[in-house]
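*Asks:* Generate coordinates for the sequence data below:
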Amino acid sequence: EEREALRETGLDEMYYDDDRFVQREIHKRPKPSHPLSSSLKAQDFQICITIIEARQLAGLNMDPVVCVQVGDSKKYTSVKESTNCPYYNEYFVFDFHMAPVMLFDKIITLTVMSDRKFLRQGNSVGHFKLDVRTLHAAPDHQFYHKWALLTDPDDTTGGPKGYLKCDISIITKGDAVKIP
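*Replies:* Residues are numbered from 1 along each chain as shown. Okay, here's the model as predicted:
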């Protein structure tokens, strides 16, 4: 215990020199910073999402629109009339200035709604959810030309409600953008 106390004060070693005991001070290295410390510092991020097209949407003669949501921020595609296979090719950017640990807990939600009165409740065809942490862990921090499976959150056994082709990427300020 005394040795532990000496170790805490940095006076750890005793040695014999010229007929007397001398304590030698040991200089401790500074502790490395905690691995989370860099993830607690606010940084600039962009989440970029391209909604390319949808296929096999459940329903006939609908006017589909896609709601793209990251955390609490929402953006919408244009409405495509009378189709269940709309082509959009619309690009959305969400800017964030926050700590990575906070950003990585945000959820990306892509929801296809069935008519131009999309603010009305109960007209969702299906949705797809992805957390930002999973996106960041993907190769090059992106999903390129991937088909998202749309499901009904109220009917988990109902099967697919359609498919949404999209590109999703996350860019940190200073990172090189890799184009697939």
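*Asks:* just the helices in this protein please.
*Replies:* Secondary structure of the chain (DSSP state H): helices located at 2-9, 100-103, 132-137.
*Asks:* any idea which of the ones you listed scores lowest on pLDDT?
*Replies:* Ranked by mean pLDDT, the helices of the chain end with helix 2-9 in last place, scoring a mean of 52.
*Asks:* Give me the neighbour count for Asp140.
*Replies:* Neighbour count for Asp140, taken as other CB atoms under 10 Å: 14. For every residue, glycine as well, the C-beta is placed using N, CA and C.
*Asks:* now swap in His141 and tell me
*Replies:* Around His141 there are 19 other residues, counting by other CB under 10 Å.
*Asks:* can you check Thr109 too?
*Replies:* Neighbours around Thr109, by other CB under 10 Å: 16.
*Asks:* Nearest spatial neighbour of it, chain-adjacent residues omitted?
*Replies:* Using CB to CB, 6 or more residues apart in numbering and skipping the chain neighbours, the partner closest in space to Thr109 is Gln69 (4.4 Å).
*Asks:* is the one you found in a bridge, and if so with what?
*Replies:* With DSSP bridges as the criterion, Gln69 is bridged to Lys74, Thr109.
*Asks:* Does it touch Met113 like I think?
*Replies:* No - if you go by CB atoms under 8 Å, Gln69 and Met113 don't touch, sitting 11.9 Å apart.
*Asks:* Find the residue at the geometric middle of the chain.
*Replies:* Against the mean C-alpha coordinate of the chain, by CA atoms, centre = their mean, the closest residue is Val132 at 1.1 Å.
*Asks:* Quick check, that one in contact with Val101.
*Replies:* No - using CB under 8 Å, Val132 makes no contact with Val101, being 10.6 Å away.
*Asks:* What is the burial count for His145?
*Replies:* Neighbours of His145 using other CB under 10 Å come to 10.
*Asks:* Distance check, it against Asp175.
*Replies:* Distance, His145 to Asp175, using CB to CB, to the nearest Å: 21 Å.
*Asks:* Can you list the low-confidence ranges for this protein?
*Replies:* For the chain, applying pLDDT under 70 flags the ranges 1-39, 116-122, 176-177, 180.
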